[in-house]
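Undergrad: what's the 3D shape of this:
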Amino acid sequence: MKKTTLALAGLASLLFLSTANAGETLDRVTKNGAMVVATNASWPPQSSIDDSGKLVGYDIDVSTEVAKRLGVTIKHETPEWAIMTGGHWQGRYDLGVASVTPTKARANVIDFVGVYYYSAYVYVVHKDSDAKTVADLDGKVIGVETATTSEDFINRKLEIDAPGLPPIEYKVTPGEVRTYANSMLPFDDLRLGAGVRIDAVIAPVQTAENAIKNGYPLRIIEGEFAFKEPLVIIADKGDAEWTAKVSGILDEMKADGTLSTLTEKWYGKDYSAK
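TA: Modelled structure (predicted):
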């Protein structure tokens, strides 16, 4: 009985893997004439809701362009970050376009379709802070968005799954790490004053510069970044045809300058290459 059961289980696994790699997602998207994309709702300028209630941002423009090149319409969903990066979507989403870092842990549950821009994470303090260098943040209260690479970094657990990156250096020993549900909440606490709730935030340079541009009384500690990372579009695990299809579109968007144009539009700089 055990051998029979194992044989049947093995056959079922093979059938599942065969189905998962048979272009199921591309078939679904083509049949529906629409693509469902998971993203964020509160991470400007990557993605956020404007005053009219519309999702806007770099990630929104990129995903919309991918849909255009596929010849389908697009619908954006905004699940919790851990749900989006945890895989096992069961057909709820076709892609994730949310500035996701390719880490070793995530590689176990989602596929990395391709890199579509690069970012440095920086240390941000209140403009009146006495901190001049990263060393001045030792023992301080550091704010980070939960379930992100900034949280992994400050806890010295970051493992980026991408070749050619400089080694990660851990230069800060925090007194306390305070986590937040989205990317802007730590900045909202930091803007209250140096040390009022937190002393510093670790965040993508694009997010930090956008907050400062919009009047937050903050500054980036110059000359030292926390770490650099590629950002990838993601897909649920196991559909090789779908991943290859979208990866090809990304290659086209890099080659024809679309990604360069969109990063300059939203960030004021070209972040499409290392």
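
Undergrad: how about low-confidence regions in this protein?
TA: 1-22 (pLDDT under 70).

Undergrad: Could I get the full set of strands for it?
TA: Using DSSP state E, the strands of the chain run over residues 34-38, 42-43, 47-49, 55-56, 73-77, 95-100, 110-126, 141-145, 176-180, 200-204, 218-236.

Undergrad: could I get the ones you listed as CSV with mean neighbour count and distance to residue 274?
TA: Every residue, glycine included, has its C-beta placed from N, CA and C. As requested, those are exported to CSV (neighbours: other C-beta atoms under 10 Å; distance: least, C-beta to C-beta, whole Å):
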stretch, mean neighbour count, distance to residue 274
strand 34-38, 21, 25
strand 42-43, 20, 22
strand 47-49, 21, 23
strand 55-56, 17, 26
strand 73-77, 16, 28
strand 95-100, 26, 16
strand 110-126, 22, 6
strand 141-145, 24, 24
strand 176-180, 16, 29
strand 200-204, 28, 15
strand 218-236, 20, 8
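
Undergrad: how near is residue 160 to residue 233?
TA: 16 Å (C-beta to C-beta, to the nearest Å).

Undergrad: what do you get for residue 36?
TA: Applying C-beta to C-beta, the value for residue 36 to residue 233 is 14 Å.

Undergrad: Now the common contact residues for those two.
TA: residue 95 (C-beta atoms under 8 Å, 6 or more residues apart in numbering).

Undergrad: can you list the domain ranges for this protein.
TA: Split into domains by automatic domain parsing, the chain comes to 2-118+231-267, 119-229.

Undergrad: For those domains, give me CSV that also has distance to residue 273.
TA: Conversion of these to CSV gives the following (distance: least, C-beta to C-beta, whole Å):
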stretch, distance to residue 273
domain 2-118+231-267, 7
domain 119-229, 12
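
Undergrad: Dump stretch 263-274 to PDB, restricted to CA.
TA: Once non-C-alpha atoms are left out, stretch 263-274 reads as follows in PDB (Å, rounded to 0.1, in the frame of the first residue of the first chain):
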ATOM      1  CA  THR A 263      12.200  56.300 -14.200                       C
ATOM      2  CA  GLU A 264      13.100  59.800 -15.200                       C
ATOM      3  CA  LYS A 265       9.400  60.800 -15.200                       C
ATOM      4  CA  TRP A 266       8.800  59.500 -11.700                       C
ATOM      5  CA  TYR A 267      12.200  59.900 -10.000                       C
ATOM      6  CA  GLY A 268      14.000  62.600 -12.000                       C
ATOM      7  CA  LYS A 269      16.900  60.300 -12.700                       C
ATOM      8  CA  ASP A 270      17.500  57.200 -14.800                       C
ATOM      9  CA  TYR A 271      17.500  54.200 -12.500                       C
ATOM     10  CA  SER A 272      16.900  51.600 -15.200                       C
ATOM     11  CA  ALA A 273      20.600  50.500 -15.200                       C
ATOM     12  CA  LYS A 274      23.100  49.700 -12.400                       C
END
